[in-house]
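Colleague: Attaching a predicted model along with its sequence, questions to come.
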Amino acid sequence: MTNAYLPLVGGLERSIESFAKEYRKRGHRVVIVAPEYDNSDANELDVVRVPALKNFHGSKFSVKLPYDSLFSGALSDFKPDIVHAHHPFLVGDTALRLAYALKIPLVFTHHSLYEENVGDSETIQKFVTELATGYANSCDYVIAPSESVAAILKERGVKTQVAVIPTGLHLRQYKGTSENFRARSKIPKDAFVVGYVGRLSPEKNLPFLARAVASFLKKEKDAVFLVVGKGPSEAELLSALKELKVEDQLRLVGELKGEKLIQAFQAINVFAFSSQSETQGMVLNEAMAAGTPVVGVDAPGVRDIVRDKINGRLVPTESEEDFSEALSWVHDRAPAERRKLIAEAKKTAKRFSMLRCANKALALYESLQTGRGFERRSGEAEGFPFMQRAEAEWELLCNFTKATMEAAFGPGEADVKAVPSGVQELS
């Protein structure tokens, strides 16, 4: 159950699609509940589209409307063993209600550091952090996509058990050559390619990245900056390159999918990444699967993958000069040293094979079948069907109220978890 899915192209959407394909290949039935989009595939397998406000605030995202009953009929022939939420808000609320109603375990993947995407208001940042933490504590298990995010969740007060399961990759797809891609993109065969793949959006810290790469391009006339993606930060990226008069070394190719995307990864000599709001850096795993070393700013998700001077460079602070020098370090390696970086990158990617990651996720699902989720919390509510809904709504109300109060007054000032006496007596 997710607030975002295909045809959107991003790490979260691709994660859900990849795991679902792997589970189905192994004989499991997976139903995906997601908002509707104007260009959704009409022939999707087991995807339930719920009514949504499309192009919310001028974006390409849809926001699900709060009418849970509108899709209940579509799930009438599906008897799930697990509900898996990929957001703590909107569809996430529906997931909690559904888990209570069906009395099955609820798993939540904490994909994002949500406070990084809500602007500069400290109060709002605290609110979404508390809301996500409270939601995690209402679930039976939480999945973190990296060790660093798991540590952050525990520091924030997540008491539910946390498993680290990154998004897996089908590593065989990343073998091959990039000669045709370079020719199509007008990249000289012997050019040194600095690459970026992803949304061109503010949370990716692209103005910093563009300035740092531009400084490198100014020194290295044989280098090219390949950018795969599109988004609102495209103008800022172009502006930074024009300022140093290196815009002719830019290759902006838009969004790519499938084989063309893999060829783009193969065409890159070093992957440049400056985002500090990632939880797993899935795109870094993809780069390394193609044998591409990474230069990244030290941040959650990135530090779980990049080993300094082993499979790339980990820049300790957000310094344009240091980042540019790290790119130069990779550029200046002798052929034998470059081959060693490539080998280490591929070795790192093996930790993130889909086989390995799907095995961990399915083992987690299986382990929860003995607990049966809701029954552990309210095993005697069988005679009161409406209680299942009441307790779910109470969980959501408590979580929202606590997050609001702690954002306004600080941690420890809200104790709203006690169940009202009427509910207590009935349950």
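Modeller: Good, I have the coordinates.
Colleague: could you check the distance from Ser18 over to Lys189?
Modeller: Going from Ser18 to Lys189 by Cβ to Cβ, to the nearest Å gives 32 Å. Just so you know, the C-beta spots here come from the backbone N, C-alpha and C atoms, and that holds for glycine as well.
Colleague: Could you list the low-confidence segments of this protein?
Modeller: Along the chain, the parts satisfying pLDDT under 70 run over 52-74, 370-427.
Colleague: Please identify which of Ser18 and Lys189 sits among more neighbours.
Modeller: Taking neighbours as other Cβ atoms under 10 Å, Ser18 and Lys189 compare with Ser18 leading, 18 against 8.
Colleague: what about the more buried one, helix or strand, and which?
Modeller: helix 11-25 (DSSP states H and E).
Colleague: For the helix or strand following that helix, name the packing helices and strands.
Modeller: Later in the chain than helix 11-25, the nearest helix or strand by DSSP H and E is strand 32-35. Applying 3 or more Cβ pairs under 8 Å, 6 or more residues apart in numbering; DSSP states H and E, one finds that strand 32-35 contacts strand 47-50, helix 91-102.
Colleague: CA atoms only for the last one - export them in CSV, please.
Modeller: Right, the one you point to is helix 91-102. Output in CSV follows, covering the C-alpha atoms of helix 91-102 (Å, rounded to 0.1, in the frame of the first residue of the first chain):
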residue,chain,number,x,y,z
VAL,A,91,-2.6,5.2,2.3
GLY,A,92,-0.6,4.3,5.4
ASP,A,93,-3.6,5.1,7.6
THR,A,94,-5.7,2.9,5.4
ALA,A,95,-3.1,0.1,5.8
LEU,A,96,-3.4,0.3,9.6
ARG,A,97,-7.2,0.1,9.4
LEU,A,98,-7.0,-2.9,7.0
ALA,A,99,-4.6,-4.8,9.2
TYR,A,100,-6.9,-4.3,12.2
ALA,A,101,-10.0,-5.3,10.2
LEU,A,102,-8.3,-8.5,8.8
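Colleague: Run through the neighbouring helices and strands of that helix.
Modeller: strand 32-35, strand 83-85, strand 106-109, helix 374-378, helix 385-409.
Colleague: Please repeat the previous calculation with a cut-off of 7 Å.
Modeller: Where contact means 3 or more Cβ pairs under 7 Å, 6 or more residues apart in numbering; DSSP states H and E, helix 91-102 is packed against strand 83-85, strand 106-109, helix 385-409.
Colleague: The residue nearest to Asp46 when sequence neighbours are not counted: what's it in contact with?
Modeller: Among residues not flanking Asp46 along the chain, Val31 sits closest, at 4.7 Å (Cβ to Cβ, 6 or more residues apart in numbering). By Cβ atoms under 7 Å, 6 or more residues apart in numbering, the residues touching Val31 are 46, 48, 75, 78.
Colleague: Need phi/psi at Val31.
Modeller: Dihedral angles of Val31 (phi, psi; degrees, to the nearest 10) stand at phi -110, psi 130.
Colleague: ok, it to Leu284 distance?
Modeller: To Leu284, Val31 is 30 Å away according to Cβ to Cβ.
Colleague: Could you do Arg14 as well?
Modeller: 14 Å.
Colleague: ok, those two, which is more surrounded?
Modeller: More crowded of Arg14 and Leu284, by other Cβ under 10 Å: Leu284, with 28 against 18.
Colleague: what sits against Pro316?
Modeller: Residues in contact with Pro316 (Cβ under 7 Å, 6+ apart) are Asp298.
Colleague: cutoff 8 Å now
Modeller: Counting by Cβ atoms under 8 Å, 6 or more residues apart in numbering, Pro316 touches 298, 322.
Colleague: For the stretch 101-250 of the chain, just list every one of the helices.
Modeller: Counting by DSSP state H, counting those that start in this stretch, the stretch 101-250 of the chain has helices at residues 122-136, 147-155, 179-184, 206-219, 234-243.
Colleague: count of residues packed around the residue lying closest to Leu106 once chain neighbours are set aside?
Modeller: Excluding its sequence neighbours, the residue lying closest to Leu106 (Cβ to Cβ, 6+ apart) is Ala99, at 3.8 Å. Neighbours of Ala99 under the rule other Cβ under 10 Å: 26.
Colleague: now swap in Thr129 and tell me
Modeller: Residues within reach of Thr129, counting by other Cβ under 10 Å, total 20.
Colleague: and if you look at Ile187?
Modeller: 18.
Colleague: Name the nearest residue to it, sequence neighbours excluded.
Modeller: Val224 (5.3 Å).
Colleague: roughly how far apart are that neighbour and Leu90?
Modeller: Using Cβ to Cβ, Val224 is found at 41 Å from Leu90.
Colleague: I appreciate the help and will end here.
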